[in-house]
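*Asks:* Turn this into a model:
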Amino acid sequence: MPLRAGFIKPVMVKDLIALLEKIPTQYLSGLDDIYLLGGTDKVRKSTQVVYGMYSCSDIFLCAYPKRFMQERYRQAPAPHHLNDYRIMQADVTSTSDGLCISCSKEGMRYFYCYDVFLHELGHHLDTWNFSQADREGWANWFACMSRKLIS
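*Replies:* Got it, this is the predicted structure:
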C-alpha cells in the first residue's frame, strides 16, 4: 500500500525478510500474508496509535504518524507507553514542563520488528486463550521472550 502524507514506514520489506530468517519456521506455519499499510486520514487525526494487528492468518503493520515522532507530556505517560518508548530506543528528556520524547527511524524499525511484529505473531500462535486480556498478555510475553532470543 502506498505511503500517505504525514506517515513514515517504520519497517521495510528487507527488514521483515531478515527478521523472518531468524524465526523458527514452525512459528510461521499457517501465516498467510504480512501487509505494510500506508496510513489513513482517520489514523492521522487520531490521538491513539495502532502499530499493528492480526486477523485471519494475516499480520498488518501500520504506518506511523510523523507527528508522534516527537511528543511532549506534561506528566509521565502510563508505564506501558514508557515501555514502548524504551523498546523504541526513544530519547526521553525531562523539561521544566514535563517530558519530551523523540523517536528515531532506526528505533522505530527495531520496535516494529522486535515488538510489534513479534506481538502479532504471538496472536497467530495463540490458539488456547479466549479472553482478550489473556490473548494480549500472551502476545506481549511472546514478543518479549522472542526479542531476547533473536535480536
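
*Asks:* next helix or strand past the worst-scoring helix or strand of the chain on mean pLDDT?
*Replies:* Lowest on mean pLDDT, DSSP states H and E among the helices and strands of the chain sits helix 41-45, with a mean of 85. Following helix 41-45 in sequence order, the next helix or strand is strand 52-55 (DSSP states H and E).

*Asks:* Who are the contact partners of the most centrally placed residue in the chain?
*Replies:* By CA atoms, centre = their mean, the mean C-alpha position of the chain lies nearest to Val116, the distance being 3.0 Å. Val116 is in contact with Tyr51, Gly52, Leu61, Ala143, counting by CB atoms under 8 Å, 6 or more residues apart in numbering. Bear in mind the C-beta positions are built from the backbone N, C-alpha and C, glycine included.

*Asks:* OK, contacts around Trp73?
*Replies:* Small correction: residue 73 is Tyr, not Trp. Contacts of Tyr73 by CB under 8 Å, 6+ apart are Gly98, Leu99, Ile101.

*Asks:* 7 Å instead, please
*Replies:* Tyr73 makes contacts with Gly98, Leu99, as judged by CB atoms under 7 Å, 6 or more residues apart in numbering.

*Asks:* What residues are bridge-paired with it?
*Replies:* Leu99 (DSSP bridges).

*Asks:* ok, so what distance separates it from Arg44?
*Replies:* As judged by CB to CB, to the nearest Å, Tyr73 and Arg44 stand 20 Å apart.

*Asks:* Kindly report the same for Ile34.
*Replies:* From Ile34 to Arg44 the distance is 22 Å (CB to CB).

*Asks:* looking at it, Ser57 is touching Ile34, isn't it?
*Replies:* No - using CB atoms under 7 Å, Ser57 is not in contact with Ile34, being 10.6 Å away.
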